[in-house]
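Novice: next comes the sequence, and after it the predicted model I'd like to discuss.
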Amino acid sequence: MKTRLWVITLSLMLVAGVYPAHTQQIKWIRVAELQSFFNEIGAEYECEGANCTNHLDWPAQYGVGSLAGQHNCRMRAVWIGCKNFDDPVEKKIKSVKVVGSGPRDFADRTNQIFPVEFKLIAKSPHPTVVVYNDLGPNNATDLNDFDKLDAVDPNLVADREILVRFNTSIGVSVTKKVLMFANSSHGNYFIHDYVFKNTGIYNQAGDTKQQTLDSVWFYFFYRYAINGVTTSTRANSAWGAFSTEWGASTVNHDFGDYRPEPGYTSLRGFYSWYGPNKDSPRPAYVEDWGCHNINVEGTLGSAKYVGCVTLHADTSPQNLADDPLQPKTTWFIGSDITEVSATVSQYSETFMASRYAYMSEGHPPRPHDVVIGETYEQDYSDPKRQTGGGTSQGQGYGPYRLAFGDSIHIVFAEGVSGLSWEKCREIGANWLQWRNGTGAPPLVMPDGSTTTDHNLYKRRWCETGRDSILKTFQRAVLNAQAGYHLKSAPPPPSSFTVTSGGDRIRLEWSPSAGESDAGFNGYVVYRSRGLVLDFQAEYEKIFECNKSNIVHSFDDVSARRGFDYYYYIQSKDDGTQNTVEPGKPLYSSLFWTVTSVAANLQRPAVTSTLDSIRVVPNPYDIRSRVFQFGVKSQYDRIAFYGLPPICKLMIFTESGERIWQKDHTSSTGDELWDSTTSSGQIVASGIYILYVEAPDGRSVIRKFVVIR
């Protein structure tokens with residue numbers, strides 16, 4: 001967490017597939033359960049090479065990033081096209097002109113997209129989070145590295161806003177805003193707000209050609225890949241097929257008034273989910289719903305739905321009322337077809353005409369999921385819709401006629417929802433027992449009925465994600481209709497401090513700025529042991545207070561020696577302010593305060609004697625790790641207790657080879673060893689010798705046994 005900003009920025013650019021010739025800026029929104037990076041050219045394109053990662057992580061408390069993330073998106077793209085374009089570069093009328101950002105980067109992109117402005121704006125800065133441990137005070141929040149603000153505006157309607165402005169070679173200037181509301185009711189969707197204006201600016205120099213743009217389409221294109229931690233690129237924990245990394249098994253469903261369906265309450269948009277995959281290690285498609293981990297507790301890794309809902313689209317430049325018929329193109333499209341993957345040229349009318357046809361082709365008679373049926377993508381091929389790399393979903397708005405100076409405003413919400421991670425563990429564990437014949441726990445269906453069909457049980461629970469994403473869309477619609485002025489959760493404390501102690505870990509926080517607000521109702525504290533922001537992490541509530549008994553500190557006396565602990569605190573209201581789900585309390589985002597540095601119990605140093613030094617556990621038996629320091633990341637941990645405040649530690653093999661050493665300078669009586677040598681090798685079974693030497697020359701030897 002101490003890495004310099006320029007190193008982090010470069011790493012993130014490489015992860016996103018940005019190469020030196022096309023270097024661009026990337027900014028993150030990481031203050032709520034849905035987290036993602038955004039770039040300065042309006043769309044997050046698909047990358048190539050070993051440093052690729054997906055994005056759009058949810059639920060982010062269980063991992064963010066290429067090797068730990070709950071990511072759901074391979075790429076986004078935005079294309080702009082029109083007819084009869086008077087090209088100022090070629091000096092001729094083009095029958096069709098299409099430019100764009102994404103879905104992949106390409107050599108001519110810098111001649112089509114011209115960044116102007118890129119900012120991360122906050123309503124207020126993130127809190128100060130500090131953890132005191134044996135190394136002293138530590139700046140202990142990931143937000144120090146990722147929430148790098150360009151401006152603070154207390155009048156901002158959202159908690160975070162990314163502002164993107166760029167010009168294009170088609171003469172359309174784009175202003176894009178991405179809004180995030182960091183609370184428990186609205187933290188799983190982004191608002192994407194686009195204004196497309198005919199400024200005539202067509203190059204980096206800002207040269208202008210005034211003309212009317214005819215039959216203009218604005219086309220958004222999404223390649224969702226609902227794989228997250230299941231991908232085989234994740235070391236030591238992956239269980240899904242690698243092809244899910246690029247969305248080979250993604251299923252899409254578009255909806256709107258153009259195709260009446262019950263249950264959509266006038267919404268217009270689409271959602272995508274993980275369909276059974278032909279490359280899955282499961283023996284049958286019917287077993288692959290949710291992409292469960294068949295080796296570890298059956299945890300479902302992909303039981304979620306992702307998609308977009310349109311909130312507003314101008315009827316015309318002169319009529320700013322929402323057009324309920326937009327988007328007018330909702331066809332699904334092959335993720336690797338020529339129009340997507342070929343070298344892009346803004347001067348090839350043949351190529352651009354082919355892209356324009358996809359942008360403007362209208363509505364499919366049947367959505368993607370209905371077309372492919374129960375066999376899903378593995379048995380479906382179509383030269384336009386699926387050529388082996390999966391199927392993406394398009395949304396096209398148009399056609400518009402833009403005179404010079406005219407603009408079009410389009411707003412949509414992008415969200416992710418589904419089974420909670422706790423439910424993914426529960427459903428997966430129940431399913432696995434039935435599948436393996438090791439148990440027969442009750443299989444309670446979402447409607448309260450019971451079944452003995454474990455595959456149907458798992459599928460029906462996965463399919464509840466459809467209702468969850470539709471509720472997410474409805475909350476976004478209500479938020480937009482209120483002008484983004486819905487009641488929000490109380491702000492978090494402006495500071496949160498965690499202090500490691502000898503018999504307790506002390507938590508202290510400043511009063512929330514919202515304590516005097518109507519409905520404010522105290523705080524809640526959660527803790528994880530051993531892991532944080534990881535899919536294996538488990539969070540437990542350890543403290544809660546209401547307004548009537550409000551305090552600003554808490555001593556965690558249930559912590560156990562030898563473990564690492566991570567915490568977060570949330571402010572809460574009493575539910576009276578929640579207009580979306582009345583009665584349900586609103587909580588500030590956990591990501592404001594979640595600690596990224598471990599706290600642990602530490603014994604006071606022993607100054608009078610070395611006789612109290614001991615090795616725990618001894619012997620260390622990997623088969624009994626659950627009874628030692630847990631089954632999570634530190635199962636190889638061995639502790640040395642009773643140390644003087646300053647001493648030198650060395651470990652030798654039975655034959656006298658020194659394999660590890662450390663200067664103990666923390667002034668505590670504890671030191672922890674992860675059972676690896678100084679060269680990073682995990683030690684084998686055997687007898688080892690701990691040598692401790694104090695500054696005054698006193699020394700002691702302790703033998704211990706490692707059993708693997």
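Specialist: That came in fine, so what should we check first?
Novice: and the gap between residue 174 and residue 390?
Specialist: Noted for residue 174: a distance of 28 Å to residue 390, by C-beta to C-beta, to the nearest Å. From N, CA and C alone the C-beta is placed, and that goes for glycine too.
Novice: what's the answer for residue 677, then?
Specialist: 44 Å.
Novice: what about residue 428, which helix or strand?
Specialist: Using DSSP states H and E, residue 428 falls within helix 421-436.
Novice: doesn't residue 95 lie inside a strand?
Specialist: Yes: membership of residue 95 in a strand is supported by DSSP: H, G, I helix; E, B strand; the rest coil.
Novice: that one - how many residues pack around it?
Specialist: Neighbour count for residue 95, taken as other C-beta atoms under 10 Å: 12.
Novice: per-residue pLDDT, it?
Specialist: You'll see residue 95 listed with a pLDDT of 97.
Novice: any idea of the pLDDT on the nearest residue to it once chain neighbours are set aside?
Specialist: Spatially, and ignoring its direct neighbours in sequence, residue 95 is nearest to residue 349 (5.6 Å; C-beta to C-beta, 6 or more residues apart in numbering). As predicted, residue 349 sits at a pLDDT of 93.
Novice: circling back to that earlier point, neighbour count for residue 677 and residue 390, which is higher?
Specialist: More neighbours surround residue 390 than the other of residue 677 and residue 390, with 24 against 14 (other C-beta under 10 Å).
Novice: from what I see, the more buried one and residue 224 are in contact.
Specialist: No: the pair residue 390 and residue 224 does not pass the contact test of C-beta atoms under 8 Å, sitting 9.0 Å apart.
Novice: restricting to C-alpha, output stretch 309-324 in PDB.
Specialist: Taking C-alpha atoms only, stretch 309-324 is exported to PDB below (Å, rounded to 0.1, in the frame of the first residue of the first chain):
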ATOM      1  CA  VAL A 309     -31.100   0.000 -17.900                       C
ATOM      2  CA  THR A 310     -31.800   3.200 -19.800                       C
ATOM      3  CA  LEU A 311     -32.800   6.200 -17.600                       C
ATOM      4  CA  HIS A 312     -33.100   8.900 -20.300                       C
ATOM      5  CA  ALA A 313     -32.500   9.400 -24.000                       C
ATOM      6  CA  ASP A 314     -33.500  12.700 -25.700                       C
ATOM      7  CA  THR A 315     -36.200  12.400 -28.300                       C
ATOM      8  CA  SER A 316     -34.300  14.900 -30.500                       C
ATOM      9  CA  PRO A 317     -32.000  17.900 -30.100                       C
ATOM     10  CA  GLN A 318     -35.100  20.100 -30.000                       C
ATOM     11  CA  ASN A 319     -37.200  17.800 -27.800                       C
ATOM     12  CA  LEU A 320     -35.400  16.900 -24.600                       C
ATOM     13  CA  ALA A 321     -38.100  14.700 -23.200                       C
ATOM     14  CA  ASP A 322     -37.200  11.000 -22.700                       C
ATOM     15  CA  ASP A 323     -37.900   8.900 -25.700                       C
ATOM     16  CA  PRO A 324     -39.400   5.600 -24.300                       C
END
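Novice: list the buried residues of it.
Specialist: 309, 310, 311, 312, 313, 314, 317, 322, 323 (16 or more other C-beta atoms under 10 Å).
Novice: what's the closest of the residues you listed to residue 488?
Specialist: Comparing those against residue 488 with C-beta to C-beta places residue 311 closest, at 18.3 Å.
Novice: so who does residue 554 touch?
Specialist: 506, 507, 525, 542, 543 (C-beta atoms under 8 Å, 6 or more residues apart in numbering).
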